[in-house]
Every structure is written in structure tokens, then in C-alpha cells.
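In: Any chance you could fold what I've pasted below:
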Amino acid sequence: MNAQAENTDQDMFDVEEITSEGSNLEVEENSDAALNRESSEIALKLVNAIKSMNNGELTHYELVNSFNSSNELKCLFLLVRALPYNPIARIYPETPFLFFKGVSVPAAFDLSEQTAIDIETFMKGQNSEIYSDLRLHDLEQPFLDAYESAIRIYNDMVEKSRDTYHASVKLAKSQVMEVSAVFVCLIIILLTIIGVS
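Out: This next block holds a predicted model:
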């Protein structure tokens, strides 16, 4: 009887141990999911803020002031330093000419070197000792993940915008060729009519 009671107690202890291990795993998974969600939200906030500034919806002062925590500001500082300047090159006139429409370069990714320098100068002016020797390894893990995600998201958006821009330019150039061909044909026909008469 005692052996059965001991076995039952041992079985209950094993079940409790397994249950507590399962609970610990669930807590770890939930905390990992929460950290991933937090870093994703920070990354999107960073990218959207920079796009808004590039579109002229925010000044660089407002961009910096839209972030509250020091970790977010550190992340923003490093992100601005890492982003490419003017990543989509202008290859076609933006203003309309004659019968042809212009193709505007996507402004959301038109970060200039001067703007990036202005942001860095403004941030260093607020607290120079934090930003003077700031490195990636100084960021806490969720903010490091957010930085990496923001870089990836921004670069993916740049690529898609560049592809769309190039497709629009190709379409505009084909329109120029078609209209030019029509004018050349009309001139040849007029010269032929004038030559015959």
C-alpha cells in the first residue's frame, strides 16, 4: 500500500514538474513573441517616420521629437546613418514637356546627405555624449532587432519603388517614341505631297 502511495506521489510530482516546465516554455514563447512584436512595431515606426520626413510631412526636428525613449532615439540615430542617400537616381524629366508627361522620383526615399547630417547634428546637440561613440552593440536586443528590421523593410521598399519608377520611365519613353514616330511619318507624308504637286 505504501509503495502504491509513493508511486502515486512520484507520478503526481512528475506531472507537476512537466506542467511547470510546459508553463515555463509557454511564458518564454509569449515573451519572445511580445519582444518580436515590439521590435516590429518600432521598426515600422522608424521607417514610417523617415518616409514622412522625406515626403515633407515632418521636419527633421519633428522626426526626432516623435520618438520618446532614449533607446528609440539611439536606434533612429544609427538608422539614419545607415540608410542610403538618394537611392533612386533620376533618369527622366519630372516636369511635363511638349505633349509628354514627366515621371516623378518617389520622394519617400529621397533622403539627402545634408538632411542626414542635419538630423545627426540636431540629435548630438540635444545630448552629444550619448551619440558621439554610439555603436550597434550598444543597443538592447529588441532595439537591435528593430534596427535590422527597419533596414530590411526600408531597402525592400526602395527596391519596389525603384522598379515601379523604372517601369513608369519605360512607359513614358515608349510614349515619346510613338509620338515622335507619328510626327516623323506626318512630315514625310507632307514632304511627299509637296514634292508630288
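
In: check contacts around V184.
Out: Going by Cβ atoms under 8 Å, 6 or more residues apart in numbering, V184 touches no other residue. All C-beta spots, glycine's among them, are computed from the backbone N, C-alpha and C.

In: Grab the most central residue of the chain for me.
Out: In the chain, the residue lying closest to the centroid (Cα atoms, centre = their mean) is Y154, at 2.1 Å.

In: which residues sit in contact with that residue?
Out: Neighbours of Y154 in contact, by Cβ under 8 Å, 6+ apart: 47, 50, 79, 83, 109.

In: tell me the least confident of those residues?
Out: Lowest pLDDT among those: F109, with 89.

In: count of neighbours near it?
Out: 23 (other Cβ atoms under 10 Å).

In: Test my guess that it contacts E159.
Out: No: the pair F109 / E159 is not scored as a contact, 9.9 Å apart, by Cβ atoms under 8 Å.

In: Spit out the residues that contact these two alike.
Out: The contact sets of F109 and E159 do not overlap (Cβ under 8 Å, 6+ apart).

In: By neighbours, which of the contacts of Y154 wins?
Out: I50 (25 neighbours).

In: so which helix or strand takes in it?
Out: helix 2-54 (DSSP states H and E).

In: Show me where this protein dips below the pLDDT cut-off.
Out: 1-32, 34-35, 99 (pLDDT under 70).

In: now the helices: where do they sit in it?
Out: Along the chain, the stretches classed as helices by DSSP state H are 2-54, 60-65, 70-82, 113-126, 128-132, 141-196.

In: Which residues does the second one contact?
Out: The contact list for helix 60-65, computed with Cβ under 8 Å, 6+ apart, reads 49-50, 52-53, 73, 76, 115, 118-119, 122-123, 126.

In: now do the shortest one
Out: Taking contacts as Cβ under 8 Å, 6+ apart, the residues outside helix 128-132 that touch it are 70, 73-74, 77, 120, 123-124.

In: With respect to P96, which of the residues you listed is nearest?
Out: Of all those, E120 has the smallest distance to P96: 37.0 Å, by Cβ to Cβ.

In: what sits against the closest one?
Out: 77, 80-81, 131.

In: With neighbour count and distance to V182 as new columns, can those be given to me in CSV?
Out: Formatted as CSV, the contacts of E120 follow (neighbours: other Cβ atoms under 10 Å; distance: Cβ to Cβ, whole Å):
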residue, neighbour count, distance to V182
F77, 19, 54
V80, 22, 48
R81, 13, 50
Y131, 18, 59
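
In: Make JSON lines out of those and add distance to E140.
Out: Output for these, formatted as JSON lines (distance: Cβ to Cβ, whole Å):
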{"residue": "F77", "distance to E140": "14"}
{"residue": "V80", "distance to E140": "19"}
{"residue": "R81", "distance to E140": "18"}
{"residue": "Y131", "distance to E140": "16"}
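
In: of all those residues, which comes closest to V179?
Out: Closest to V179, out of all of these and judged by Cβ to Cβ, is V80, at 42.7 Å.

In: separation between that closest one and I117?
Out: Going from V80 to I117 by Cβ to Cβ, to the nearest Å gives 9 Å.
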